[in-house]
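Novice: requesting a structural model of the entry that follows:
(2 chains)
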Protein chains: 2
Amino acid sequence: MTTSFPMNAGDGPYSYFKNSHLQKEVLDGSKEMVRDAITEKLDIKIMLSSSNTLHIAEFGCSVGPNTFIAMQHVVQVLKEKYHNINILEFQVFFNDHVTNDFNALFRSLPIDRSYYAFGVPGSFHGRLFPSQSIHFAHSSCAIHWLSKIPKELLDEKSPAWNKGLIHYVGSSNVEVVNAYVAQFEKDMEMLLNARAEEIVEGGMMVLVTPFASYVRLMGFFGSSLKDLVNEGKLDESLFDSFNLPMYFPSPEDMTKVVEKNGCFSIERMELTYPKSKLVDEADAKTLMINLRTSLEGLIINHFGSEIAEEACARTILKSEEISTWMKVNYEKPSQLFVALKRK
Amino acid sequence: MTTSFPMNAGDGPYSYFKNSHLQKEVLDGSKEMVRDAITEKLDIKIMLSSSNTLHIAEFGCSVGPNTFIAMQHVVQVLKEKYHNINILEFQVFFNDHVTNDFNALFRSLPIDRSYYAFGVPGSFHGRLFPSQSIHFAHSSCAIHWLSKIPKELLDEKSPAWNKGLIHYVGSSNVEVVNAYVAQFEKDMEMLLNARAEEIVEGGMMVLVTPFASYVRLMGFFGSSLKDLVNEGKLDESLFDSFNLPMYFPSPEDMTKVVEKNGCFSIERMELTYPKSKLVDEADAKTLMINLRTSLEGLIINHFGSEIAEEACARTILKSEEISTWMKVNYEKPSQLFVALKRK
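Specialist: Below is the predicted model of the structure:
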């Protein structure tokens, strides 16, 4: 049983629907590479029967609108690639955890879409589709979510006990980092095993993980929580038992898990530096609201809604301080793009 | 653009999830006929390739649990029929309007299901799937919902103006009945045209519509609304502009629309009289709560939530009176079962 951490539902001020600019930037940064992957590398046999349907899966779709932009792009490029095939139809499968707000997703589906749309509830670490039924898979800003927190991070007696921090970023303890890496490897093993069954020979999967610079901002949430501990409003052991279930893989991490699985060839793996208005302009307020959208559910789940609200509000109040910090510690926004082909 | 009338969402006291006993009885009443249809009539070519997947569509699934019972049964019978095929996999597509509570549906999916589950948002009067992609389609207690109210029912100048009533049941005006029939025929034309494209040759569609006796109870909702008019709490013209968008087809109605479409053969069409504990025991209270579950959204939409709440509560208060009426006017519960095969 894996844990799920849905983005904020609905369309309120802190909803993912209204606050996914950063994920949109990641998406924009990978568009041309998605095009190249499909145009140059995708190599599936489309049966020239009466039913020519391409099956596209989006893993970790959340509620839109980014997922619709991504899928529209994929469908468009596939149409261009297979323009010589008469009557080509598209099925797009939008996957996310069962706790995702599929109602919101479905209600905002583009009216003029040129594909049949389906929702697929469940963890992408397990099987979701029949054997050899997917031609192209896509996942942006999703696979860095771990299925769970490695238990040694919470164990006082373990060398990997992550006391005083909420993530491996900022930790100088290599055991903490190793525990995160090990969980990422286990999760990716499950993910790749499942996809290896589901993706047809010659079919492809594109995985995109977000900016490393974005990650560093999470420490500010941690310091807001720590302030609450210092003020006696939050129990220290509750704080110490909280860790963010995210790991941001390096190209080496990805290569290792793909090679271990053995069913996919790496067609492209690239750390890229797409333009990010939010990072370049040190727009901390938008970034922190975006982070809140992603983390609030998680924090509520662990600390309750009062502490969560307080920690989120305090972090957003620090926007100016964070903007200043970002300017001094400017780090070029980067993302990891991986295109895999099923052997 | 068709209108949608979702069953009550969530799992509260008047949710469809907790109040769908009647629909369950309809389902139970058709189980053996579904088995016969699949075992004796279904005639699809399963490709003996590496991917042997059967695609099953459920139209008008609502939120469960009935839809899961129905689909489990269909999958079971298909497994028995094709037991000689190695590694047979199942995809079940749960369809309902985009306003349906898919979150509730997904969160109550059986853990031990032996099929891959998908949600398909959209009206079954239009296309939902690629060409020739469905092997077996099923719909229970759904196709009697009309896509809209024929406008002549609301037109003072039309001979079909349905003044003083909320449905054709109870009306002595043949023009009113004809307007309902005409809308049913239009809707079924769209539904059958769409399914004719989507269902493979030899594939089947089973349609079940509910008890006629159930229909007669709707008049009690109408009389509760009329009481509110008489008490000056509800505007008479607002009452007159309300009509229930449901038509309960006869075997002749169904034959006519299927023959007009021309793409399906009628393998079985039967008015059956399955056991209904609720009707036999004149359990008016359960029946009226069940009706409330189905009609509340519709009534809120037209009259606002205050009047809707009042009308529903008053109708349920009449349970004893209705029970007495049911005993005097006992009508054997009947349902229409239709099994169609794509030619």
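Novice: all the strands of chain A, residue numbers only.
Specialist: Under the criterion DSSP state E, chain A contains strands at A:52-59, A:88-96, A:116-121, A:134-140, A:199-209, A:264-272, A:335-342.
Novice: reformat the ones you listed as TSV; add mean neighbour count and distance to A:S172.
Specialist: Yep, even glycine has a C-beta here, placed from its N, CA and C like the rest. Shown next, in TSV, are those (neighbours: other C-beta atoms under 10 Å in any protein chain shown; distance: least, C-beta to C-beta, whole Å):
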stretch	mean neighbour count	distance to A:S172
strand A:52-59	23	33
strand A:88-96	23	35
strand A:116-121	22	40
strand A:134-140	25	31
strand A:199-209	23	23
strand A:264-272	15	23
strand A:335-342	24	24
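Novice: wait, A:E270 sits on A:F337?
Specialist: Yes: assessed by C-beta atoms under 8 Å, A:E270 is found in contact with A:F337 at 5.0 Å.
Novice: common neighbours of the two, please.
Specialist: In terms of C-beta atoms under 8 Å, 6 or more residues apart in numbering or on different chains, A:E270 and A:F337 are both contacted by the residues A:M33.
Novice: any idea how far stretch A:262-282 is from the chain center?
Specialist: Relative to its chain's centre, stretch A:262-282 lies at 13 Å (C-alpha atoms, centre = their mean, to the nearest Å).
Novice: so what's the model's average confidence on it?
Specialist: For stretch A:262-282, mean pLDDT rounds to 84.
Novice: repeat that for stretch A:95-111.
Specialist: In this model, stretch A:95-111 carries a mean pLDDT of 95.
Novice: report the buried residues of it.
Specialist: For stretch A:95-111, a neighbour-count test (16 or more other C-beta atoms under 10 Å in any protein chain shown) marks A:95-106, A:108-109 as buried.
Novice: so which of the strands of chain A gets nearest B:S114?
Specialist: When the strands of chain A are compared by C-beta to C-beta, strand A:116-121 sits nearest B:S114, at 16.3 Å.
Novice: right, is the closest one up against chain B?
Specialist: Yes: Strand A:116-121 reaches chain B (C-beta under 8 Å from any C-beta of the partner chain) through A:116-121.
Novice: packing partners of the longest helix along chain A?
Specialist: For chain A, the longest helix by residue count, based on DSSP state H, is helix A:174-198. When contacts are defined as 3 or more C-beta pairs under 8 Å, 6 or more residues apart in numbering or on different chains; DSSP states H and E, helix A:174-198 packs onto strand A:134-140, helix A:251-261, strand A:264-272.
Novice: may I see the buried residues of that helix?
Specialist: Judged by neighbour count using 16+ other C-beta under 10 Å, the buried positions of helix A:174-198 are A:176-177, A:179-181, A:183-184, A:186-188, A:190-192, A:194-198.
Novice: low-confidence stretches in chain A?
Specialist: Along chain A, the parts satisfying pLDDT under 70 run over A:1-22, A:24-29, A:31, A:41, A:43-51, A:211-214.
Novice: kindly recompute the last result at 50.
Specialist: Within chain A, the segments meeting pLDDT under 50 span A:1-2, A:47-50.
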